[in-house]
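J.: Provide a 3D model corresponding to the input given below.
(one chain, ligands or ions: 1)
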Amino acid sequence: MKHFLNTQDWSRADLDALLAQAAAFKREKLGDAMKGRAIALVFFNPSMRTRTSFELGAFQLGGHAVVLQPGKDAWPIEFDLGTVMDGEAEEHIAEVARVLARYVDLIGVRAFPKFVNWAQDREDRVLKAFAKYSTVPVINMETITHPCQELAHVLALQEHFGASDLRGKKFVLTWTYHPRPLNTAVANSALTIATRMGMDVTLLCPTPDYILDQRYLAWAQANVEESGGSFTISHDIASAYRGADVVYAKSWGALPYFGNWAEEKPIRDQYRHFIVDEAKMALTRDGVFSHCLPLRRNVKATDAVMDSPRCIAIDEAENRLHVQKAIMAALLR
Ligand code: CP
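T.: A predicted model of the protein is given here:
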């Protein structure tokens, strides 16, 4: 059985087929690929875009979505094996995933890191536990990667550049300031998919402490060796932006300070100037800007950048709907 946990698990041909199907769903909204079928959307963290687009996507394909928030409107879940469950959790993932799979045809999971211990969080154990026990396909709705966002971004770039082949485009993934340490998921994903598509990718971040996990650097390196793109890391804003076709922004917490955020904060606070503004965008080759959203205006990017016709973040957000319909339809085939 095939899950959608990471794009890296899917062949390039399969990803291209998902993107083509998403473009078709964008042209023709309604279908019957989920007629009489259902998806459970399990949210351990808040969402606006993911919840709305999955619920509506299921509806538009003739199916139904059930939203569950463990610990809020559903029972808290235990993930450890062999534990004496005398704490908060009322049931074990071994029952939750198997019971849900008797009711629904797909399960979506959003489970962010706990932000205490990266060595543990990088195991992605909540998503993996659902995939282990579920007898229906599981979709990653953002854990330590965000593969649905990846496809939405690529579709927006293909639309903007008017070509499915993005090879040769200069892609800058820039760290931006945020008052709180955020998940690395979207950054891991942007690096993964941009290199997979054969772009010339620069990871721009303030210091080596902000470099992403080795697993995603290795994926990026393997991807460019296969796709013919390139991958570099830079701490220099001007040279990274110069000549860029795409600027993708995201904030994240420094991995060496995971769980020790009070110590990281004064370091992070020194790099507010990583904000995406008009002066930086002027260094690009008429480049486009995007972000997964939500975005704090005038912290991560200025009003002028967000309101510019070069900002494709709203197109990318819309594309979440279309790519997720393509993913659900493909997994149900
Ligand atoms: N980009 C994204 O996943 O948005 P939400 O957190 O609102 O779902």
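
J.: from now on I want contacts and neighbour counts done on CA atoms only, so please keep to that.
T.: Noted.

J.: the one helix or strand residue 330 maps to: which residues count as buried?
T.: Taking DSSP states H and E as the definition, one finds residue 330 inside helix 313-332. By neighbour count on 16 or more other C-alpha atoms under 10 Å, the buried set for helix 313-332 is 313, 315-331.

J.: below-threshold pLDDT in the stretch 151-300 of the chain: ranges please.
T.: Counting by pLDDT under 70, not a single residue of the stretch 151-300 of the chain qualifies.

J.: can you give me the helices for this structure?
T.: Secondary structure of the chain (DSSP state H): helices at 12-27, 49-60, 93-103, 118-121, 125-133, 147-161, 185-196, 214-227, 237-241, 261-268, 278-281, 303-306, 313-332.

J.: ok and the residue in the stretch 51-200 of the chain nearest the ligand?
T.: Residue nearest to the ligand within the stretch 51-200 of the chain: residue 51 (6.1 Å; C-alpha to the nearest ligand atom).

J.: now residue 307: how far from residue 316?
T.: For residue 307, the distance to residue 316 (C-alpha to C-alpha, to the nearest Å) stands at 15 Å.

J.: one more: residue 253?
T.: Separation of residue 253 from residue 316 (C-alpha to C-alpha): 24 Å.

J.: one step back: how big is the angle separating the helix holding residue 330 from helix 147-161?
T.: Counting by axes from the mean of the first three to the mean of the last three C-alpha atoms, to 10 degrees, helix 313-332 lies at 120 degrees to helix 147-161.

J.: show me which residues of the protein are close to the ligand?
T.: With C-alpha under 6 Å from any ligand atom as the criterion, the chain meets the ligand at residues 47-50, 292-293.

J.: out of these, which is nearest to residue 154?
T.: Using C-alpha to C-alpha, residue 292 is the member of these that lies nearest residue 154, at 11.7 Å.

J.: OK, contacts around residue 158?
T.: Listed by C-alpha atoms under 8 Å, 6 or more residues apart in numbering, the contact partners of residue 158 are 164-166.

J.: just the buried ones from these?
T.: Buried among these by 16+ other C-alpha under 10 Å: 164, 166.

J.: before we move on, the earlier item: out of the helices of the chain, which is the most enclosed?
T.: helix 185-196 (a mean of 25; mean count of other C-alpha atoms under 10 Å).

J.: list the contacts of that helix.
T.: Under C-alpha under 8 Å, 6+ apart, the answer for helix 185-196 is 7-8, 12, 142-147, 149-151, 154, 171, 173, 201, 203, 212-213, 216-217, 219-221, 223-224, 227, 229-231, 248, 250, 252, 292.
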